[in-house]
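Chemist: just a sequence and a predicted model for now, questions to come.
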Amino acid sequence: MTTASSRGTAPGLSEAPGEVPARPAAPLLDVAGLNIRFGTGPGQVHAVRDASFSLAGGRCLAIVGESGSGKSALARSLLGLAGPTAEVAADRLRIAGREAREFGPRQWRAVRGRRVGLVAQDALVALDPLRPVGREIAEPLLTHGIVPRREAGARVLALLERVGVPEPAERARAHVHQLSGGLRQRALIASAIAAEPGVLIADEPTTALDASVQSRILALLGELKEGGTGLLLISHDLAVVEALADEVAVMKDGRIVESGPVAGVLETPEHPYTKALLAAIPGSSPRVARAAAVDPAGTEPLLEVAGATKAFKGVRGSRRTAVDDVSFELRPGETLGLVGESGSGKSTLARMVLGLVAPDSGAVRLAGTPWSTLRERERRQSRHTLQLVPQDPLSAFDPRWSVARIVGEALATAGVGRGEREARTVQLLEQVGLSAQHLQRRPSALSGGQRQRVAIARALAPSPRLLVCDEPVSALDVSVQAQVLDLLGQLQADLGLATLFISHDLAVVREICARVLVMKDGRIVESGPVEEVFARPAHPYTRSLLEAVPRRARSAQERL
């Protein structure tokens, strides 16, 4: 591997100490001198620079680095999906023993799904919104002739059950917009492994998953590896990397700057950038001042939720209760965590708080006045008071708009004049780790983490009193995650900003939140000060969530 800091063994080819060297099997992936460029002329972006690596069956190579470092571009080039504007060059690019540099569309179609499977970062974009999830999963089975059409339905249900999707028959009939973020991700994994590819590229495969489901998916990926599948894991979650990977390569600005066995790189990093990544893990160092100083008796609640209940119609006339008799309060300057499994009702509760969904019973009050019972016309003058940072920012943006227009629209709504908008937009972007060079980019030209930061900048534009953050840092690498958490903490301190912080990442919740609500099957099963709940959980479900946290993240929590 071509790196600035390599520990002497190419990923996929390391041997245990004392073993008699055996003739290695031909790697499933063998890449040397990979370069990927986008655009031409002065504006050309050199996304991947001289990357070299190999991956054998039964091994996992993890690629880590900041959002925009080139990880996803590298991964997609291995399926011929770098994009129509991409220029891909390599000294060697072998997939399952075949040289892929001259592959045409027909050869790439034969590779995708059958030789190399992809679990993309954004399941909402990767899954077809116009057809049921079951048909999406069945497609690779039928395209590659894995099973006859009459057997595809049973195989789809088995795949959904294997990746931990509850009620697989019902979910197979659902469309992607009817699933929670975590359920969408699991359906995408089912589709990627359907044709049993020799190599599975997992691009942030557990980003949207709570700790318990994440544990199940990691176990599944581990089983695939044990069965001989080669895993190329793209992740910003170093706890996930440590749990699954054999080797790790660290990318920065398109280059692999350090690589080697995962234990060596994560325990004794050599490159300054790797050291900075490890230092940014939640809990690794004091970072955010929690809102423990908020006196519950000294301030009136900004948000009051009383007995909120919401049910939705399911397929074939069934009815599903998403939120069941939930009550809580949130005061100015306080950050309240909301945790629970995917599908537990967290996002539905957030939509009720925002006034986007009306409760069937119960009520929501904002700043001491009715909120959920108002008509939208009556809410409009107070809309700036609370803002959403969504879980899937790509679905929340107009794909035709530039970043300048996306953020500028929110500023215009808040009354900022046209002459001031660009400077204010740049200021907001810099607050969340972007810069003026992103102003003219469209959402499709941004990485997942960059899109998430734009969503946070847009939410801050109207100077809200309450932020509803639905997995706000789930798509961010640890260094940018730390920056965003710092920002939220500073806003809380400077502006008295209240935050409802929904997350599956318990280390993040413990770091930033003063109180936490634990949600299961639509109900709040446990609540209290975050330290008390995490140190002495009373409910079995809370205990199971904490036990499912990967080891590195759990160690970071224990240091807090």
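Modeler: Sure, I can see it. Numbering: from 1, shown residues only.
Chemist: and residue 239, which of the three is it?
Modeler: Under DSSP: H, G, I helix; E, B strand; the rest coil, the three-state class of residue 239 is helix.
Chemist: please read the previous query as pertaining to residue 519.
Modeler: Residue 519 ends up strand, using three-state DSSP.
Chemist: now it, nearest residue through space, not along the chain?
Modeler: residue 340 (3.5 Å; C-beta to C-beta, 6 or more residues apart in numbering). Where C-beta positions appear, they are placed from N, C-alpha and C, glycine not excepted.
Chemist: could you measure from the one you found over to residue 523?
Modeler: 9 Å (C-beta to C-beta, to the nearest Å).
Chemist: between those two, which one's more packed in?
Modeler: residue 340 (26 against 15; other C-beta atoms under 10 Å).
Chemist: do I have it right that residue 509 meets residue 530?
Modeler: Yes - Residue 509 lies in contact with residue 530 (C-beta atoms under 8 Å); the separation is 6.7 Å.
Chemist: who touches both of these two?
Modeler: Shared contacts of residue 509 and residue 530 (C-beta atoms under 8 Å, 6 or more residues apart in numbering): 337, 516.
Chemist: can I see the domain layout of the chain?
Modeler: 29-276, 291-392+464-559 (automatic domain parsing).
Chemist: Throw those domains into CSV and include mean pLDDT and distance to residue 448, thanks.
Modeler: Output for the domains of the chain, formatted as CSV (pLDDT from 0 to 100; distance: least, C-beta to C-beta, whole Å):
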stretch, mean pLDDT, distance to residue 448
domain 29-276, 90, 5
domain 291-392+464-559, 86, 4
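Chemist: nearest to residue 430, of those domains?
Modeler: domain 291-392+464-559 (10.5 Å; C-beta to C-beta).
Chemist: show me the contacts for residue 429.
Modeler: By C-beta under 8 Å, 6+ apart, the contact set of residue 429 is 403, 407, 435-436, 438-439, 453-454, 457.
Chemist: most neighbours out of these, which is it?
Modeler: Result: residue 453 is most packed of the contacts of residue 429 (other C-beta under 10 Å), 30 neighbours.
Chemist: burial of the residue nearest to that one when sequence neighbours are not counted, as a residue count?
Modeler: If the residues on either side of it in the chain are set aside, residue 453 comes closest to residue 432, at 4.1 Å by C-beta to C-beta, 6+ apart. Neighbour count for residue 432, taken as other C-beta under 10 Å: 21.
Chemist: and residue 432, what does it touch?
Modeler: Contacts of residue 432 (C-beta under 8 Å, 6+ apart): 453-454, 456-457, 460, 483-484, 487.
Chemist: please redo it, this time with the cut-off set to 7 Å
Modeler: Applying C-beta atoms under 7 Å, 6 or more residues apart in numbering to residue 432 gives the contacts 453, 456-457, 484, 487.
Chemist: show only the entries of those found in helices.
Modeler: 453, 456-457, 484, 487 (DSSP state H).
Chemist: circling back to that earlier point, now for the domains of the chain, which one comes closest to residue 427?
Modeler: Closest among the domains of the chain, once you apply C-beta to C-beta, is domain 291-392+464-559, at 12.3 Å.
Chemist: thinking again about what came up before, closest to residue 66 among the contacts of residue 432?
Modeler: The nearest one, if we look at the contacts of residue 432 relative to residue 66 and count by C-beta to C-beta, is residue 453, at 11.4 Å.
Chemist: that closest one contacts residue 431, doesn't it?
Modeler: No - the pair residue 453 / residue 431 is not scored as a contact, 9.1 Å apart, by C-beta atoms under 7 Å.
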